[in-house]
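Colleague: Sequence and predicted structure are below.
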Amino acid sequence: VDPDDKHSRGFINDACGRLLCLAEFDWKNPVVKAGIRDRLEGYIVTDMSFLAFLYDKYQTNPDNLEEGLFKGKILLQGYKAVFTSPSSAKDIEGDGDGDGADKSFAGVKVKKHVAQIIKMKKVTPHSIAYIACQVRFVLSSVNSWRSIDGDFDYIQFWQAIVDFFEKAPGREAHRWVDKLLEWWTRCVM
């Protein structure tokens, strides 16, 4: 992907398209790819969709849509690039084991990173949603930020992610969300 050419990103680019695709779709299927690119009914990707880049290994288990959700490597890399440093983002393994924390600077004095400056001690739903929006924008072909990008509303996308964490239905869902946030904190902080 050319870092200077946003027009070559989005759904016209196979690598970006795969990550922007709905997680339950198979981007390798030519019918799916054409349906998304042509914005056919049933294939329109909106802000109410959980996109492949949100998932570990960029795919979902159709029997358990929460498995691997919010464990996508590029999402973790984006988070670390913003909150701990661009160089720390390179250390993410993306294997979902929660052991991706940057250990390369152990014992070496470095400048404070954003998370330290703002005294962020743990990962929050709001910060994950923010980074998900940033990653989605970077993968898209849109040149300048706007809250609505065609069929995709970043504000609604951000809110859907925050609600997923903060309005989890039932005790079991709350435990799962708490474990996920703990995993994030171990990976990032």
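Modeller: Everything's here; your move.

Colleague: low pLDDT regions in the chain?
Modeller: 92-110, 114-115 (pLDDT under 70).

Colleague: Longest helix in it, please.
Modeller: Longest helix in the chain by number of residues (criterion: DSSP state H): helix 171-188.

Colleague: residue boundaries of the strands in the chain?
Modeller: Under the criterion DSSP state E, strands of the chain are mapped to 148-149, 152-153.

Colleague: Relative to the last one, what are the paired strands and their orientations?
Modeller: What that stands for is strand 152-153. strand 148-149 (antiparallel) (DSSP bridges).

Colleague: List of residues touching the strand it pairs with?
Modeller: Residues outside strand 148-149 that contact it (Cβ atoms under 8 Å, 6 or more residues apart in numbering): 137, 140, 142, 154. Bear in mind the C-beta positions are built from the backbone N, C-alpha and C, glycine included.

Colleague: Between these, which sits nearest residue 78?
Modeller: Nearest to residue 78 among the contacts of strand 148-149 is residue 137, at 10.2 Å by Cβ to Cβ.

Colleague: Enumerate every residue touching that closest one.
Modeller: Residue 137 sits next to 145, 149, 154 when contact means Cβ under 8 Å, 6+ apart.

Colleague: What number of residues are in the vicinity of the spatially closest residue to residue 61 that is not a sequence neighbour?
Modeller: Closest residue to residue 61 apart from its sequence neighbours, by Cβ to Cβ, 6 or more residues apart in numbering: residue 67 at 4.4 Å. Using other Cβ atoms under 10 Å, residue 67 has 14 neighbouring residues.

Colleague: Tell me how far the residue nearest to residue 159 when sequence neighbours are not counted lies from residue 61.
Modeller: Computed as Cβ to Cβ, 6+ apart, the closest residue to residue 159 that is not its neighbour in sequence is residue 129, at 7.7 Å. To residue 61, residue 129 is 23 Å away according to Cβ to Cβ, to the nearest Å.

Colleague: who has more neighbours, the two?
Modeller: Using other Cβ under 10 Å, the more surrounded residue of residue 129 and residue 61 is residue 129, with 21 against 14.

Colleague: so that one makes contact with residue 166?
Modeller: No. Residue 129 is beyond contact range of residue 166, at 10.1 Å (criterion: Cβ atoms under 8 Å).

Colleague: Which parts of the protein are helices?
Modeller: Counting by DSSP H, the helices of the chain are 14-20, 30-37, 73-83, 86-89, 114-117, 125-139, 154-166, 171-188.

Colleague: Residue 51 contacts residue 21, doesn't it?
Modeller: Yes. Using Cβ under 8 Å, residue 51 is in contact with residue 21, at 6.8 Å.
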